[in-house]
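S.K.: need coordinates for the below:
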Amino acid sequence: MEPVGSAAVVLLCAEEDDLELVRWVHAARAQGLSPEVVTGIERDDAPLLESMRLTTDALFVVLRSDNLGADRMREIKSCFASHRRPAQKLVALRLDGTAEAAIERIAQQIAGGLRSRSESSLLLAIEDVAPQLDRVLVVPPSPASARRPSDTHGVSVAAVPGLDAASASGSRPIARASSSASLPVVRVSSSASLPVVRANDAAPVDGE
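M.R.: Residues are numbered from 1 along each chain as shown. The predicted structure is shown next:
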């Protein structure tokens, strides 16, 4: 099956969640997508920055779990906002949600060129895929978006258990941060909150 649309899909999760990631990869392939998978984002920004450097036109899907808490999610959002390029988008979903329904909606968005009703309602239509949907992170363009990502030394390529056969059919390698990576983590105030997109709530996301 040919890939859907021209944008890539990057699935990101904590290293401990790599086995759970397998079903998301299979669901993506069933929709004609060839996702890149990136693990280790719970430790630092290096895997995300490396993926953003290599994939300039992409939807980055962060899969939330108990291994990837709210504070770290705020850091990831801040890092993405500082380094994103115009064709890069970011959303967050629960890892334990309904992968098939979420991926189907993502594929529809990509087939439409990732065009949303407005920059502040990016992928808002994904709200009705399942009650387990967590949050959509909307990152508007910023003056810092044109900057190049910082050095990503300490990033190595590794395989996710259970994906050896799948990797041969088109998935991109996984960026995994080594324990020696020392890139700075962009932190935001612990009082900052992410916009919550609830099922069946058609109102635009506020606060972005």
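S.K.: flag the shaky bits of this structure, pLDDT-wise.
M.R.: 1-6, 113-208 (pLDDT under 70).
S.K.: which residues of it fall in strands?
M.R.: Under the criterion DSSP state E, the chain contains strands at 8-13, 36-39, 58-64, 88-94, 155-158, 172-177.
S.K.: quick one: those strands as a markdown table, columns for mean neighbour count and distance to Pro47 too.
M.R.: (Glycine included, C-beta is placed from N, CA and C.) Below are the strands of the chain laid out as a markdown table (neighbours: other CB atoms under 10 Å; distance: least, CB to CB, whole Å):
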| stretch | mean neighbour count | distance to Pro47 |
| --- | --- | --- |
| strand 8-13 | 25 | 7 |
| strand 36-39 | 24 | 5 |
| strand 58-64 | 24 | 11 |
| strand 88-94 | 22 | 14 |
| strand 155-158 | 15 | 6 |
| strand 172-177 | 22 | 4 |
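S.K.: next, format those as CSV and append distance to Ser82.
M.R.: Output for the strands of the chain, formatted as CSV (distance: least, CB to CB, whole Å):
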stretch, distance to Ser82
strand 8-13, 16
strand 36-39, 18
strand 58-64, 14
strand 88-94, 12
strand 155-158, 18
strand 172-177, 18
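S.K.: out of the ones you listed, flag the one nearest Asp45.
M.R.: strand 172-177 (8.5 Å; CB to CB).
S.K.: ok, back up a step: nearest to Ala107, out of the strands of the chain?
M.R.: The nearest among the strands of the chain, by CB to CB, is strand 8-13 at 8.3 Å.
S.K.: partner strands of the closest one, parallel or antiparallel?
M.R.: strand 36-39 (parallel), strand 58-64 (parallel) (DSSP bridges).
S.K.: columns distance to Ala111 on top of those strands, output as CSV?
M.R.: Listed next are the strands paired with strand 8-13 as CSV, based on distance: least, CB to CB, whole Å:
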stretch, distance to Ala111
strand 36-39, 18
strand 58-64, 12
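S.K.: can you tell which of those strands is closest to Ala8?
M.R.: strand 58-64 (4.1 Å).
S.K.: for that closest one, which outside residues touch it?
M.R.: Under the contact criterion CB atoms under 8 Å, 6 or more residues apart in numbering, strand 58-64 has outside partners 7-13, 17, 20-21, 24, 36, 41, 48, 51-52, 68, 73, 76, 80, 87-95, 106, 109-110, 114, 123, 134-135, 137.
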